[in-house]
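# Dropping the sequence and predicted coords here.
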Amino acid sequence: MKVCVIGAGAIGGLLAARFAGAGFATSVLARGAHLAAIRERGLTLVSGDGRTTARVAASDDPAALARDCGPQEVVFIALKAHQIPAMLARLAPLIEPETIVVPAINGIPWWYFFREGGRFDGDPVRTLDPQGAMLAQLDPHRVVGCVVHASGEVTAPGEVTWNGQKTFILGEPDGSLSRRLNALAEAMTRAGLEPRVSERIRDEVWMKLIGNTSFNPVAALTRARMDRICDNPGLIAFIRAVMEEMTAVADAYGIRRLVSIDRRLEIARGIGPVKVSMLQDLERGRAMEIEPLVGAFLELARKVGIAAPLTAALHALLTEMAANLPAAS
């Protein structure tokens, strides 16, 4: 199996290093100093088990990867949401008739309503894909859904430090247990990852979204780590109220509650003194994932006629803050 990872950041770097280390023909799309270091020294994964370095084909151009490595069986997309629209059309050289594309991304994905089976089946998520161009640029039949429960960060060019979590929940948009889904899970297991197959991938999307959409904006607005937020009763009361808004919307879409709000808050408390992704992006001058985490949720709330005033306030605060920051990359 040939595997290409688009984006060699924390999650993409973990995926590429694990697949290459297990002997899969692996390539990555990266840029800048990170790309130069990967080409020169390989991709290094740092964890509690030490340091491992894998050699991978690397480029900043999908067409060049296709020339060097050929079409791919699996293409993982591990980019920030705002980087994906411009990338989808560039993936064509990497894709053959049986290629599957796995967006390992945060928030509500652009393909959310593809084969969803409800009254909005086939709709684009306009917050992310205003004209439906993303659904047109990449055939959504290629997509296997993925919810990531892993974390790390790029700590030096060519180096990803990983916290040991490695759970990837996989699911077909139509809920089927397809041959390709099982083959992908088997390959990820061989790579030392922990895939889990779900027949209800949107339940898993919401499980993660409810935590991200409530905690990430609060962390960015307060500049607080998770432990500080969890120790502040006022912030936790506010986050609980946001989660209640989100749960009402999820219920309207028939989403199964995987855990209670109380349990979700317990999980957050157990994370410890971590800077969540939106705060990391803010501090590093990178564009924050406001729309996939907050704006897209508000769009889904409007589609079912449910008000979410607290989440809307978070969105307004974040977008105004972002507008007054230096231009983000």
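Nice, thanks for sending it over.
# Please make it C-alpha for all contacts and neighbour counts, starting now.
OK.
# and the closest residue to Asp61 other than its chain neighbours, how many residues sit next to it?
For Asp61, the nearest residue in space outside its immediate sequence neighbours is Leu29; the separation is 6.9 Å by CA to CA, 6 or more residues apart in numbering. Counted with other CA atoms under 10 Å, residues neighbouring Leu29 total 22.
# Could you do Gln83 as well?
If you count neighbours by other CA under 10 Å, Gln83 ends up with 13.
# likewise Gly211?
Burial of Gly211, expressed as a neighbour count using other CA under 10 Å, amounts to 21.
# Could you measure from the closest residue to it other than its chain neighbours over to Gly272?
The shortest distance from Gly211 to any residue other than its chain neighbours is 7.1 Å, reached at Arg264 (CA to CA, 6+ apart). Distance, Arg264 to Gly272, by CA to CA, to the nearest Å: 14 Å.
# Looking at those two, which one has more neighbours?
More neighbours surround Arg264 than the other of Arg264 and Gly272, with 17 against 13 (other CA under 10 Å).
# In whichever strand or helix holds that one, which of the residues would be classed as buried?
In this structure, Arg264 sits in helix 261-269 according to DSSP states H and E. Using 16 or more other CA atoms under 10 Å as the burial criterion, the residues of helix 261-269 that qualify are 261, 264-265, 268-269.
# So which other helices or strands are in contact with it?
helix 226-230, helix 233-252 (3 or more CA pairs under 8 Å, 6 or more residues apart in numbering; DSSP states H and E).
# Direction-wise, compare the last one with helix 261-269 and give the angle.
Think helix 233-252. Our comparison of helix 233-252 with helix 261-269, counting by axes from the mean of the first three to the mean of the last three CA atoms, to 10 degrees, yields an angle of 130 degrees.
# So what touches stretch 210-217?
When contacts are defined by CA atoms under 8 Å, 6 or more residues apart in numbering, stretch 210-217 is touched by residues 107, 239, 242-243, 246-247, 264, 268, 276-279, 293-294, 311, 314, 318.
# same thing but at 7 Å, please
By CA atoms under 7 Å, 6 or more residues apart in numbering, the residues outside stretch 210-217 that reach it are 239, 242-243, 246, 276, 278, 293-294, 314.
# would JSON lines of the residues you listed with pLDDT and neighbour count be doable?
Written out in JSON lines, the entries for those read as follows (pLDDT from 0 to 100; neighbours: other CA atoms under 10 Å):
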{"residue": "Ile239", "pLDDT": "98", "neighbour count": "25"}
{"residue": "Val242", "pLDDT": "98", "neighbour count": "22"}
{"residue": "Met243", "pLDDT": "98", "neighbour count": "24"}
{"residue": "Met246", "pLDDT": "98", "neighbour count": "25"}
{"residue": "Val276", "pLDDT": "89", "neighbour count": "21"}
{"residue": "Met278", "pLDDT": "94", "neighbour count": "24"}
{"residue": "Leu293", "pLDDT": "96", "neighbour count": "25"}
{"residue": "Val294", "pLDDT": "98", "neighbour count": "26"}
{"residue": "Leu314", "pLDDT": "98", "neighbour count": "20"}
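# If we only consider those residues, which is nearest to Pro93?
The shortest separation between Pro93 and any of these is 30.2 Å, and it belongs to Leu293 (by CA to CA).
# That closest one touches Ile105, doesn't it?
No - in this structure, Leu293 is not within contact of Ile105 by CA atoms under 7 Å, at 10.6 Å.
# Pull the number of nearby residues for the closest residue to Ala308 other than its chain neighbours.
Closest residue to Ala308 in three dimensions, ignoring its sequence neighbours and counting by CA to CA, 6+ apart: Glu245, at 5.6 Å. Look at Glu245: counted by other CA under 10 Å, it has 19 neighbours.
# Buried residues of the helix or strand harbouring Ala36, list them for me.
Taking DSSP H and E as the definition, one finds Ala36 inside helix 32-41. Using 16+ other CA under 10 Å as the test for burial, helix 32-41 gives 34-39.
# can you tell me which of the residues you listed lies nearest to Glu153?
Minimum distance to Glu153 across the buried residues of helix 32-41 is 12.3 Å, recorded for His34 (CA to CA).
# Could you list which residues are in contact with the closest one?
If you count contacts by CA under 7 Å, 6+ apart, His34 has them with 157-158.
# switch to 10 Å and redo it
For His34, the contacting residues are 8-9, 43, 154, 156-159, taking CA atoms under 10 Å, 6 or more residues apart in numbering as the criterion.
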